[in-house]
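Undergrad: Mind looking at a prediction? Sequence and model below.
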Amino acid sequence: MKAPKDFADYAAGFPPKVRRVLQSVRSAVKKAAPDAQEIVSYKMPAFRQGKILVWFGAHANHIGFYPGAEAMVAFKKEFDAYKHAKGSVQFQLDEPMPFDLIARIVRYRVKAVESQRRSAL
């Protein structure tokens, strides 16, 4: 698979229903982190604000959401309802997307990155 140049290029490779879900996830992230820069990293959509906040991508039956290990620990109880690993969680395409949870994770990541930046000064 060739690396997509932007979100539209990435989303174009999926059926309309999946594109709509991807767009909704993208919108939730943008709303939670309005100052973040939208990029493609590891061939997936991502948002960066100093550091990468989150990545996300479509798979056969789920949206993979990749907030990193620290966020996974911080939201451990909420992730118990989903298949997850050390730095990722799977939101099934046939279930409602947890947009509130996504937004809270992104806001958490913004604060964590800003805190790390201040500590480095």
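TA: That came through fine.

Undergrad: Report the buried residues of stretch 113-121.
TA: Across stretch 113-121, burial judged by 16 or more other C-beta atoms under 10 Å covers V113. For the C-beta atoms, the positions are set from N, CA and C on the backbone; glycine is no exception.

Undergrad: Show me what the longest helix seen in the chain is packed up against.
TA: Assignment by DSSP state H gives helix 99-120 as the longest helix of the chain. In terms of contacts (3 or more C-beta pairs under 8 Å, 6 or more residues apart in numbering; DSSP states H and E), helix 99-120 is packed against helix 16-32, strand 44-49, strand 51-58, helix 69-74.

Undergrad: what is the orientation angle of the longest one with helix 99-120?
TA: Yep, that's helix 16-32 we're talking about. Angle between the axes of helix 16-32 and helix 99-120 is 40 degrees (criterion: axes from the mean of the first three to the mean of the last three C-alpha atoms, to 10 degrees).

Undergrad: likewise the second one?
TA: Our comparison of strand 44-49 with helix 99-120, counting by the same axes, to 10 degrees, yields an angle of 50 degrees.

Undergrad: repeat for the third one
TA: Using the same axes, to 10 degrees, the inter-axis angle of strand 51-58 relative to helix 99-120 is 150 degrees.
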